[in-house]
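Based on what follows, work out the 3D shape:
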Amino acid sequence: MLPKEKFRYTLEEYLELDHESEEKIEFLDGHVFTLAGASSNHDRIQGNGYFALRSKLQGRNCRVFLSDMRVGVPAYPPYRYPDLSALCGDSIIQTLGKQDILTNPQLIIEILSDSTADFDRGYKFTYYKSITSFTEYVLIAQDRPHVSQFIKQAENSWLNREFNTLEDKFRLASLDCELELSELYQDVEFPEIQNRFNLIDEND
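Residues are numbered from 1 along each chain as shown. Okay, the predicted model is just below:
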């Protein structure tokens, strides 16, 4: 629990708070905020993505990290907690305070929610671009089958591709492997879509 009477923190104070906190907390311009808890769909997608990537990269010199791994972001210091991050090659870990920080992710995956979607697509993507090794960004919707993929082509140039059905598959350029939407959305329920289909059936 953050002390309510404290409105601004030094970086050193934040690092100590983050080390002691059971929740994930982030830091921006002296302000500290707690990350919202994840939904069941979010947890399933994150677990599915982690398992799929680990399976496909087995036997290769590649690493996949869950959101407990802090990722250093030069334009948004000191670090963030992406839902998934990965790289092929040796991972570079730096220590800040008592925290280990990954500094060379190639792939970052965020699972969207109503409250974070605009930020993840906009400002957060811009901040992540300050990571020198970062070449691929994947955004996964949790309310419907939808994946947005951004692949770095050149400085300030990113290719955007969209995938909208469970039959779609896409290749991760950064890791040289393929993901299927059906893998990412295994056991994920879309109540709004299901309700819409039920209404159609009843009208028939």
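
any idea how far residue 78 lies from residue 188?
Residue 78 is 33 Å from residue 188, where distance means CB to CB, to the nearest Å. C-beta: built from backbone N, CA, C; applies to glycine.

Also residue 170?
17 Å.

Check residue 113 too.
Counting by CB to CB - residue 113 and residue 188 are separated by 13 Å.

Also residue 172?
20 Å.

Repeat that for residue 86.
21 Å.

tally of neighbours for the spatially closest residue to residue 112 that is not a sequence neighbour?
Excluding the flanking residues, the one nearest residue 112 by CB to CB, 6 or more residues apart in numbering is residue 141, at 5.2 Å. Residue 141 has 18 neighbours, counted by other CB atoms under 10 Å.

give me phi/psi at residue 141?
Backbone torsions of residue 141, given as degrees, to the nearest 10, read phi -70, psi 150.

That one against residue 114, yeah?
No. The criterion here is CB atoms under 8 Å, and residue 141 misses it with residue 114 at 10.3 Å.

top helix in this structure by residue count?
Longest among the helix segments of the chain by residue count, using DSSP state H, is helix 40-56.

then that helix to PDB, C-alphas only?
Presented in PDB, the C-alpha positions along helix 40-56 are these (Å, rounded to 0.1, in the frame of the first residue of the first chain):
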ATOM      1  CA  SER A  40      -9.300 -13.800 -16.400                       C
ATOM      2  CA  ASN A  41      -9.100 -13.300 -20.200                       C
ATOM      3  CA  HIS A  42      -5.900 -11.300 -19.800                       C
ATOM      4  CA  ASP A  43      -4.300 -14.000 -17.700                       C
ATOM      5  CA  ARG A  44      -5.300 -16.800 -20.100                       C
ATOM      6  CA  ILE A  45      -3.900 -14.900 -23.100                       C
ATOM      7  CA  GLN A  46      -0.700 -14.100 -21.300                       C
ATOM      8  CA  GLY A  47      -0.200 -17.700 -20.300                       C
ATOM      9  CA  ASN A  48      -1.100 -19.000 -23.700                       C
ATOM     10  CA  GLY A  49       1.400 -16.600 -25.400                       C
ATOM     11  CA  TYR A  50       4.200 -17.500 -22.900                       C
ATOM     12  CA  PHE A  51       3.600 -21.200 -23.400                       C
ATOM     13  CA  ALA A  52       3.400 -21.000 -27.200                       C
ATOM     14  CA  LEU A  53       6.600 -18.900 -27.500                       C
ATOM     15  CA  ARG A  54       8.500 -21.200 -25.000                       C
ATOM     16  CA  SER A  55       7.400 -24.300 -27.000                       C
ATOM     17  CA  LYS A  56       8.400 -22.800 -30.400                       C
END
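
which residues are in contact with that helix?
The contact list for helix 40-56, computed with CB atoms under 8 Å, 6 or more residues apart in numbering, reads 38, 64, 66-67, 83-84, 86, 109, 111, 113, 140, 142-143, 175, 177-179, 183-189.
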